[in-house]
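Engineer: Curious how this folds, go ahead:
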Amino acid sequence: MFSSLYTKYKPYYADNLRLAMPIVVSQLGHTLVHLADSVIVGHFAGTVQLAAVSLVNSLFMLVLVLGLGVSYGLTPLIAQENGRKNYDECGRLLSNSLLINILMGIVLYLFIHFGTLLIIDHIGQSPDVVAYAKPYLSYLGLSILPLMIFQTFKQFAEGLGFTKQAMYISIWGNAINIIVGIILVKGMFGITPMGVKGVGISTLIDRMLMATVMSFYVFKSVNFKKYLKTFSLTLTDKVRSIKILKIGTPVALQYSFEISAFSGAAILIGTIGAVEQASHQVAINLASTTYMLASGIASAATIKTGTYLGKNDLLDLRRSAIASYHVIIAFMSVTAIFFICANNILPFIYTEDTAVVQIAAQLLIIAGFFQLFDGTQVVGLGVLRGIGDVNVPTLITFIAYWIIGIPLAYLLGITLKLGVNGIWYGLTFGLLTASILLFFRFQKKTKFLVSSQIV
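Structural biologist: Next comes the predicted model:
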């Protein structure tokens, strides 16, 4: 059975993985920035400042995913138009997307500066943690605009199947972020130690460099000349902007419902104590790393699905999507086993505080169990995004995380006093709900497309 299944989907495995692996690395770059910040602060600045990183990342990710989601609206449209060989339309879509993302970056920065920085004092967190969190959050807020510019050109290139360049830029960007971060946090070469503020500055520098290099690559590479003939920011129009936002806005909401659930959980955990919050940061950082790997596979599924839809090759569309499910199940099974077997070792990457390590080790066992659910739900979202189905999946994510996940987390963790473990049990059940409902949606939509073509 498995042999015949493998033979049937083998060409799609290879095709999808070839496209996905560079995206996985570049997607991972977003998480590695925060992972590097956590490791550097945990080792060089202590538990309280690590808790500040946890608080800021929880709040910042709420804002970041709105921007990332809107930028993802470009990718399936580019893939579909490229499948139709409509190259001029690709250039026009890029023009509109760049303007949308620049404006989105400005709005998100203003939201952080005039919103998040003001409310952070009033959400029941430790005053010591908040004092360290504010300057770090300020610098991350400034980094939103260059990140949105980077995302525009990254999504454009990936929608056309050029995925390696963003990967290389992400690798170099993270290397620079780590080096500069250590120098500033620890205070080397005569620089006064900056603590958590230092990783905020290094992240801003990293994202400015990445935006510059990615945009330069797209405009100068011969690969994109035929697509850029119609590119001009003065030729933006309402119709194409709405077209991008019709996909990008629901995608932003999908990500925000999930990430905000985890951010809400972090705030709940912060009311328990700084040690628990630091432990949550360690475990969620590791889980976020595997999530971004899964998100890279999902992005490749979006591109392949959009391209097959543009070519009207619907049977290959469904088989490619099923192959993506197989790949993610295999991958997340491996990471689940790794988390469970190495749960007592992995937290030491971040901190030597034994109290933090002990709690984080328990959370990693729970994270191991939700790996499969997390992976399959994000691939389901990716496939459905590729065929333009974004509204119902958005409703599914809202129900899974905010009608089921967070209320259950509060009940188990706070009301029934199971603590941080109880909060994570609730999140796991939310992921399970999303995974099942999105799989049913995927089956319904793709079977309908194939049967419509046959008829």
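Engineer: can you pull out the helices in the stretch 51-200 of the chain?
Structural biologist: Shown for the stretch 51-200 of the chain, the helices assigned by DSSP state H, counting those that start in this stretch span residues 74-83, 87-111, 117-119, 127-142, 144-159, 164-186, 196-220.
Engineer: Out of these, which gets nearest to Asp353?
Structural biologist: The minimum distance between Asp353 and the helices of the stretch 51-200 of the chain falls on helix 127-142, with 14.6 Å, by C-beta to C-beta. Glycine gets a C-beta too; all of them are placed from N, C-alpha and C.
Engineer: For Ala298, which of the helices of the stretch 51-200 of the chain is the nearest?
Structural biologist: Ala298 lies closest to helix 74-83 among the helices of the stretch 51-200 of the chain, at 10.9 Å (C-beta to C-beta).
Engineer: hmm, who's touching the closest one?
Structural biologist: Contacts of helix 74-83 from elsewhere in the structure, counted by C-beta atoms under 8 Å, 6 or more residues apart in numbering, are 87, 89-90, 93-94, 97, 152, 155-156, 158-161, 243-244, 247-248, 299, 302-311, 385-388.
Engineer: redo that, cut-off 6 Å
Structural biologist: Outside helix 74-83, the residues within contact range by C-beta atoms under 6 Å, 6 or more residues apart in numbering are 89-90, 93, 97, 155, 159-160, 244, 302-303, 306-307, 309-311, 385-386.
Engineer: residue ranges with poor pLDDT in the stretch 101-250 of the chain?
Structural biologist: Within the stretch 101-250 of the chain, the ranges that satisfy pLDDT under 70 run 115-118, 120-126, 132, 193-195.
Engineer: sorry, back to before: filter the contacts of helix 74-83 to the buried ones?
Structural biologist: In terms of neighbour count (16 or more other C-beta atoms under 10 Å), the buried residues within the contacts of helix 74-83 are 89-90, 93, 97, 155, 159-160, 244, 302-303, 306-307, 309-310, 385-386.
Engineer: Tell me the one among those nearest to Trp402.
Structural biologist: Arg385 (20.4 Å).
Engineer: about what we covered before: can you redo the helices of the stretch 51-200 of the chain as TSV with distance to Ser324?
Structural biologist: Conversion of the helices of the stretch 51-200 of the chain to TSV gives the following (distance: least, C-beta to C-beta, whole Å):
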stretch	distance to Ser324
helix 74-83	14
helix 87-111	24
helix 117-119	39
helix 127-142	32
helix 144-159	15
helix 164-186	19
helix 196-220	25
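Engineer: So what's the residue count around Leu184?
Structural biologist: Each residue near Leu184 was counted by other C-beta atoms under 10 Å, and the total is 23.
Engineer: I figured it hits Gly200, correct?
Structural biologist: No: here Leu184 does not reach Gly200: they are 8.9 Å apart, not a contact under C-beta atoms under 6 Å.
Engineer: What pLDDT is listed against the spatially most central residue of the chain?
Structural biologist: Averaging the C-alpha coordinates of the chain gives a centre point, and the residue nearest to it by C-alpha atoms, centre = their mean is Met292 (5.4 Å). Met292 is assigned a predicted lDDT (pLDDT) of 77.
Engineer: repeat for Ile365
Structural biologist: According to the model's per-residue confidence, Ile365 sits at a pLDDT of 91.
Engineer: And Leu55, by the same measure?
Structural biologist: Looking at Leu55, the pLDDT reads 71.
Engineer: what separates the residue lying closest to it once chain neighbours are set aside from Asn174, distance-wise?
Structural biologist: Nearest in space to Leu55, with sequence neighbours left out and distances taken as C-beta to C-beta, 6 or more residues apart in numbering, is Ala133 at 5.0 Å. In this view, Ala133 and Asn174 are 22 Å apart by C-beta to C-beta, to the nearest Å.
Engineer: How about Leu416?
Structural biologist: Counting by C-beta to C-beta, the gap from Leu416 to Asn174 is 40 Å.
Engineer: Mind checking which of these two has more residues around it?
Structural biologist: Asn174 (21 against 10).
Engineer: any idea which element Gly388 lies in?
Structural biologist: Element membership of Gly388 [criterion: DSSP states H and E] is none; it lies in no helix or strand.
Engineer: count of residues packed around it?
Structural biologist: Counted with other C-beta under 10 Å, the neighbours of Gly388 add up to 16.
Engineer: Next up, the contacts around it.
Structural biologist: Under the criterion of C-beta under 6 Å, 6+ apart, Gly388 has no contact partners.
Engineer: do the same with Phe429
Structural biologist: Contact analysis of Phe429 by C-beta under 6 Å, 6+ apart lists Leu408.
Engineer: distance of it from Phe440?
Structural biologist: For Phe429, the distance to Phe440 equals 17 Å [C-beta to C-beta].
Engineer: what does Val213 give?
Structural biologist: As for Val213, its distance to Phe440 is 42 Å (criterion: C-beta to C-beta).
Engineer: Ok, Arg318 next?
Structural biologist: 15 Å.
Engineer: Just want to know which of these two has more residues nearby.
Structural biologist: Neighbours were counted for Arg318 and for Phe440 using other C-beta under 10 Å; Arg318 has more, 20 against 12.
Engineer: Could you report the neighbour count for the residue nearest to that one when sequence neighbours are not counted?
Structural biologist: Excluding the flanking residues, the one nearest Arg318 by C-beta to C-beta, 6+ apart is Thr446, at 4.4 Å. Per other C-beta under 10 Å, the neighbour tally for Thr446 reads 23.
Engineer: residues contacting Ile179?
Structural biologist: If you count contacts by C-beta under 6 Å, 6+ apart, Ile179 has none.
Engineer: go on, Gly159?
Structural biologist: Going by C-beta under 6 Å, 6+ apart, Gly159 touches Thr75, Ile78, Ala79.
Engineer: for those, which one is nearest Trp424?
Structural biologist: Comparing those against Trp424 with C-beta to C-beta places Thr75 closest, at 31.5 Å.
Engineer: How many residues are close by Lys186?
Structural biologist: A count of nearby residues for Lys186, using other C-beta under 10 Å, gives 17.
Engineer: same check, this time on Val450
Structural biologist: Other residues lying near Val450 total 15 when counted by other C-beta under 10 Å.
Engineer: same question, Ile414
Structural biologist: For Ile414, the count of nearby residues is 16 (other C-beta under 10 Å).
Engineer: where's it relative to Leu381, distance?
Structural biologist: Separation of Ile414 from Leu381 (C-beta to C-beta): 29 Å.
Engineer: buried residues in stretch 414-432?
Structural biologist: Within stretch 414-432, the residues scored as buried using 16+ other C-beta under 10 Å are 414, 418-420, 422-432.
Engineer: Which member of the residues you listed is positioned nearest Leu395?
Structural biologist: Of all the buried residues of stretch 414-432, Leu395 sits closest to Gly430, with 14.2 Å by C-beta to C-beta.
Engineer: measure Tyr227 to Ala400 for me?
Structural biologist: For Tyr227, the distance to Ala400 under the criterion C-beta to C-beta works out to 37 Å.
Engineer: Fine by me, we can end here.
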